[in-house]
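Enquirer: pasting the sequence and the predicted model now:
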Amino acid sequence: MQEIISDNNWNKLGIYPIVDEHDIVKVRSIVRQHAKDFRMGIVEQTRITTAISELLRNMYNYANGGDVVIESGQVEEHNALIITCIDKGPGIEDVELAMSDGYTSGMGMGYGLPGAKRLVDKFEIYSKPQKGTTVRIMKWK
Amino acid sequence: MENNLDFKNAKERIEHIEDVLSSVAAGDLDKRLQTDIEDDLTGIEEAINILIEDLTYELKQSKKMKEELEDKLNKIQEQQKTIIQQQEDLLELSSPVTKVWDNVLILPVIGTLDSQRTQIMMENLLQKIVETGCTIAILDITGVPTVDTQVANHLLKTVTAARLLGADCIISGISPAIAQTIVHLGIDLSSIKTKATLQDAMLFAMKKNNQLFEGKIHLEHKEQEEDDK
């Protein structure tokens, strides 16, 4: 598991705090708008919005909220929409286990993290117990 | 030109200044110093008077502002009450369960399904199932833009609860994009009857209705025949 590093050449589109459930809805529709502006099709829009919804819910349910950074930039020769979720929650003890289908630590279905990974083109996760978790998803244009 | 300071009066005047200042400190702003004698002390006395004037003015201003702010605060608090009231009303309104046909209930879901709303939605639906005795309920999610695992989980729970009361649920209005997303997420909704459109769901419900009622009528008919014998 590698620490997630940002590229300074990326274009910052916005940073939003997640405090309550309404923020999830708000940020989700902002992401959908960015996907639209990126000229993604309706299926791709739905995918990235659902993926971000999963991550934001995790953040809200388990880490008491956090911050979301939306960027666009060049990644591996792709024009990408990059969304990074940063929280200072309890962290994930076993990331590999959390990434497996059907495993849940709470009341969920256990498809949140692995499902989100399948919905996007690139998925990075970095977690340190007691320090917090950072998840970054990317979708090619 | 200023006169020389009269030491005889000076002590008295300084005491007076002290007097006035202490009453100002106590909050009484009506007292002023007399400035009829012109000498070295006059400047100080006048300055103190001006200071008291200014203080009176500022105090008045801040009192006025305080009142205005309190007024505004009251208004905002009232508005907030209205907003909370309306939100509660909206929550009730936003999950209407209606009987559209014999034995068929419809629950159109529009917007976002958060945990609070799902709770009310489920309560409304279950209540209505008990009240009407309907055995088919259609949950139309055409107006739900995002179905993530939490929403799917809520839907599954609602369907399971309805089933416990003897009602079968049909979920309609899953768009092609949402269908693909659900598959990628890995959610298994195969235990639920789903239809693409509300129309399909209605047709399915009516067909099922017909089978049910025909069966019933048939049975009653038979029973009657047996009675006749």
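Expert: Sure thing, it's come through. It should be emphasised that the depicted structure is a prediction, and the values quoted were computed from it without experimental measurement.
Enquirer: below-threshold pLDDT in chain B: ranges please.
Expert: Low-confidence segments of chain B (pLDDT under 70): B:1-6, B:92-93, B:215-229.
Enquirer: what does chain B put close to chain A?
Expert: Proximity of chain B to chain A is confined to B:112, B:114-116, B:145-150, B:152-153, B:175-178, B:180-181, B:184-187 under the rule CB under 8 Å from any CB of the partner chain. Just so you know, the C-beta spots here come from the backbone N, C-alpha and C atoms, and that holds for glycine as well.
Enquirer: would you mind naming what in chain A lies close to chain B?
Expert: So chain A meets chain B at A:21, A:24-25, A:28, A:32, A:42-43, A:45-47, A:49-50, A:53-54, A:57, A:101, A:108-109, A:111-112, A:114-116, A:118-119 (CB under 8 Å from any CB).
Enquirer: just the buried residues of those.
Expert: Listed as buried from the residues of chain A next to chain B are A:21, A:24-25, A:28, A:32, A:45-47, A:49-50, A:53-54, A:57, A:108-109, A:111-112, A:114-116, A:118-119; burial here means 16 or more other CB atoms under 10 Å in any protein chain shown.
Enquirer: gap between the residue of chain A at minimum distance from chain B and residue A:58?
Expert: Residue nearest to chain B within chain A: residue A:115 (3.5 Å; CB to the nearest CB). Relative to residue A:58, residue A:115 is positioned 11 Å away (criterion: CB to CB, to the nearest Å).
Enquirer: for the record, mean pLDDT for the helix or strand hosting the residue of chain A closest to chain B?
Expert: For residue A:115, the host element (DSSP states H and E) is helix A:112-119. Average pLDDT, helix A:112-119: 88.
Enquirer: what about residue B:128, how many neighbours?
Expert: 21 (other CB atoms under 10 Å in any protein chain shown).
Enquirer: any idea how far the longest helix seen in chain B is from the chain center?
Expert: Looking across chain B with DSSP state H, the single longest helix is helix B:40-93. From the chain centre to the centre of helix B:40-93 is a distance of 28 Å (CA atoms, centre = their mean, to the nearest Å).
Enquirer: which strands and helices lie in contact with that helix?
Expert: On a contact count with 3 or more CB pairs under 8 Å, 6 or more residues apart in numbering or on different chains; DSSP states H and E, helix B:40-93 meets helix B:7-25, helix B:115-132.
Enquirer: export these to CSV and append columns for distance to residue B:77.
Expert: Listed next are the helices and strands packed on helix B:40-93 as CSV, based on distance: least, CB to CB, whole Å:
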stretch, distance to residue B:77
helix B:7-25, 36
helix B:115-132, 23
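Enquirer: show residues contacting the least confident helix or strand in chain A by mean pLDDT.
Expert: Within chain A, no helix or strand scores below helix A:95-98, which has a mean of 83 by mean pLDDT, DSSP states H and E. Helix A:95-98 is contacted by residues A:1, A:92, A:103, A:105, A:113, A:125, A:127 when judged by CB atoms under 8 Å, 6 or more residues apart in numbering or on different chains.
Enquirer: so which of these belong to helices?
Expert: residue A:113.
Enquirer: among the contacts of helix A:95-98, name the buried ones.
Expert: By neighbour count, with 16+ other CB under 10 Å, these hold A:92, A:103, A:113, A:125, A:127 as buried.
Enquirer: look through chain A and report the residue furthest from the middle.
Expert: Distance to the chain centre peaks in chain A at residue A:77, reaching 20.9 Å (criterion: CA atoms, centre = their mean).
Enquirer: give me the common contacts of residue A:115 and residue A:58.
Expert: When CB under 8 Å, 6+ apart defines a contact, no residue borders residue A:115 and residue A:58 alike.
Enquirer: so how far is stretch B:128-146 off the chain centroid?
Expert: 24 Å.
Enquirer: start and end of that stretch, how far apart?
Expert: Separation of the first and last residues of stretch B:128-146 by CA to CA, to the nearest Å is 26 Å.
Enquirer: can you check stretch A:86-98 too?
Expert: End-to-end distance of stretch A:86-98 (CA to CA): 17 Å.
Enquirer: so which bits of that stretch are buried?
Expert: By 16+ other CB under 10 Å, the buried positions in stretch A:86-98 come out as A:86-87, A:89-92, A:98.
Enquirer: now stretch A:7-14
Expert: Buried positions in stretch A:7-14, judged by neighbour count with 16+ other CB under 10 Å: A:10, A:13.
Enquirer: and stretch B:27-41, by the same measure?
Expert: In stretch B:27-41, counting by 16+ other CB under 10 Å, buried: B:33, B:41.
Enquirer: can you say which helix or strand has the nearest residue to residue A:10 once chain neighbours are set aside in it?
Expert: Leaving aside its sequence neighbours, residue A:10 sits nearest to residue A:73 (CB to CB, 6 or more residues apart in numbering or on different chains; 3.3 Å). Residue A:73 belongs to strand A:66-75 when elements are defined using DSSP H and E.
Enquirer: for the record, mean pLDDT for that strand?
Expert: For strand A:66-75, the mean pLDDT works out to 91.
Enquirer: parallel or antiparallel, list what pairs with it.
Expert: With DSSP bridges as the test, strand A:66-75 is paired with strand A:11-18 (antiparallel), strand A:78-87 (antiparallel).
Enquirer: need the ones you listed in TSV with mean pLDDT, can you?
Expert: Converted to TSV, the strands paired with strand A:66-75 look like this (pLDDT from 0 to 100):
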stretch	mean pLDDT
strand A:11-18	90
strand A:78-87	91
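Enquirer: now tabulate those in TSV and tack on distance to residue B:31.
Expert: What follows is those, written out as TSV (distance: least, CB to CB, whole Å):
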stretch	distance to residue B:31
strand A:11-18	54
strand A:78-87	62
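Enquirer: out of the ones you listed, nearest to residue B:139?
Expert: Among the strands paired with strand A:66-75, the nearest to residue B:139 by CB to CB is strand A:11-18 (28.2 Å).
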